[in-house]
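J.: My questions are about this predicted structure, shown below with the sequence.
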Amino acid sequence: MDYSLLLSDEEYQKKFKNGHKTPYTYEIARKGQSIFYFGAEHSRDPGITQWKELERYWNQFLKSTLENRIVLLEGPERPPLRDLTQEEVIKQFGEVGLMMLFANKEGVQISWPDFSMQQEAEQLAKQFDADLVTYFIFARSAGAWLRLDTGETFEAVINKAMINTARRIGRAPHSIEFYANIHRQVFSRDLSASEKETLMRAAAPIYHDSVINEIARTSTRLRNEHIASEIEKCWQDGKSVFAVFGSSHAVIQEKALKSLLES
């Protein structure tokens, strides 16, 4: 695979400054082997049309492939689903949970090619201060929940993000004050409910507010390289792949993955 074809964040933003379709899908096929890539909108709203689109795309994949299939999903590995309806799965786990339902029903193997948070933190700490890296992962978790607008208080969200970060990163302290101190150092403001917008922007690679956005851009590059390399391994093993990641990952990886057809 030609990894130089992976779009940088800057290239992605320039090329798609007016946005792109979501879900973003494409197929790669050669001699009975396929990659179906579903670039999803991260959502837990059971009412959007994406879920029907995902089901149709999955059925198309099943019809196009006969064996040696694998489903690749974004994020940390989830435990098996227990007695949940489709709507409950979507509300709790979004597109990842729904694909687990679909894959389990058909007996298709599931794999999680993304970095664990621990691995990601270790990679980023080679280039940035480790405390700033820990804050970045905390801010990314908090920002994702804030954007979902679940009705929880700001305090409840940052506490949940703190617990999540401490559970997944060995060096992360179980302390809101740790993150509050870094927030003051970086933004010269207290970590309070008035900082909701700052926190949502902090870990987003499209902004240039602080060094945390720079960490986010580096994280995006490292993750896309790693995910694409794992898809390539499946391809080289002769597997047909159904990949479900956020739509930006699908767009950034498209040209590099299509270069597999030339190898």
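T.: Sure, I can see it.
J.: I'd say residue 148 and residue 92 touch.
T.: No. Shown here, residue 148 and residue 92 do not form a contact pair, counting by Cβ atoms under 8 Å, at 11.6 Å. The way it works is simple: take the backbone N, C-alpha and C, and place the C-beta from them, glycine included.
J.: any common contacting residues for these two?
T.: Counting by Cβ atoms under 8 Å, 6 or more residues apart in numbering, the common neighbours of residue 148 and residue 92 are residue 44.
J.: Okay, now the unreliable bits of the chain?
T.: The model of the chain has no residue with pLDDT under 70.
J.: Which parts of it are strands?
T.: 24-30, 33-40, 69-73, 109-111, 240-246 (DSSP state E).
J.: Show the backbone phi and psi for the nearest residue to residue 184 once chain neighbours are set aside.
T.: Excluding the flanking residues, the one nearest residue 184 by Cβ to Cβ, 6 or more residues apart in numbering is residue 190, at 6.4 Å. When read as degrees, to the nearest 10, the backbone of residue 190 gives phi -70, psi 150.
J.: Correct me if wrong: residue 190 contacts residue 180.
T.: Yes. Checked against Cβ under 8 Å, the pair residue 190 and residue 180 is within contact range at 6.9 Å.
J.: more crowded one of these two?
T.: Using other Cβ atoms under 10 Å as the criterion, residue 190 and residue 180 rank with residue 180 on top: 15 against 10.
J.: With adjacent residues omitted, what lies nearest to the more buried one?
T.: Among residues not flanking residue 180 along the chain, residue 191 sits closest, at 4.2 Å (Cβ to Cβ, 6+ apart).
J.: follow-up on the earlier one: same list (the strands of the chain) but as TSV, adding mean neighbour count and distance to residue 166.
T.: What follows is the strands of the chain, written out as TSV (neighbours: other Cβ atoms under 10 Å; distance: least, Cβ to Cβ, whole Å):
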stretch	mean neighbour count	distance to residue 166
strand 24-30	15	34
strand 33-40	22	28
strand 69-73	21	24
strand 109-111	15	26
strand 240-246	25	24
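J.: Can you redo the ones you listed as a markdown table, where the extra columns are distance to residue 87?
T.: Converted to a markdown table, the strands of the chain look like this (distance: least, Cβ to Cβ, whole Å):
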| stretch | distance to residue 87 |
| --- | --- |
| strand 24-30 | 23 |
| strand 33-40 | 17 |
| strand 69-73 | 19 |
| strand 109-111 | 21 |
| strand 240-246 | 18 |
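J.: Name the residue most distant from the centre of this protein?
T.: Distance from the C-alpha centroid of the chain peaks at residue 31, with 29.9 Å (Cα atoms, centre = their mean).
J.: Compare the strands of the chain and give me the one nearest residue 175.
T.: strand 240-246 (29.8 Å; Cβ to Cβ).
J.: Other residues contacting the closest one?
T.: With contact meaning Cβ under 8 Å, 6+ apart, strand 240-246 is reached by 33-42, 54, 58, 61, 64-65, 68-74, 95-96, 99, 103, 108, 227, 231, 234-235, 250.
J.: at 6 Å instead, please
T.: 33-38, 40, 42, 61, 65, 69-74, 95, 99, 231, 234 (Cβ atoms under 6 Å, 6 or more residues apart in numbering).
J.: do stretch 122-138 as well
T.: Counting by Cβ under 6 Å, 6+ apart, 117, 121, 161, 165, 172, 179, 182, 203, 212, 215, 222 sit against stretch 122-138.
J.: what sits against residue 228?
T.: Going by Cβ under 6 Å, 6+ apart, residue 228 touches 253, 256.
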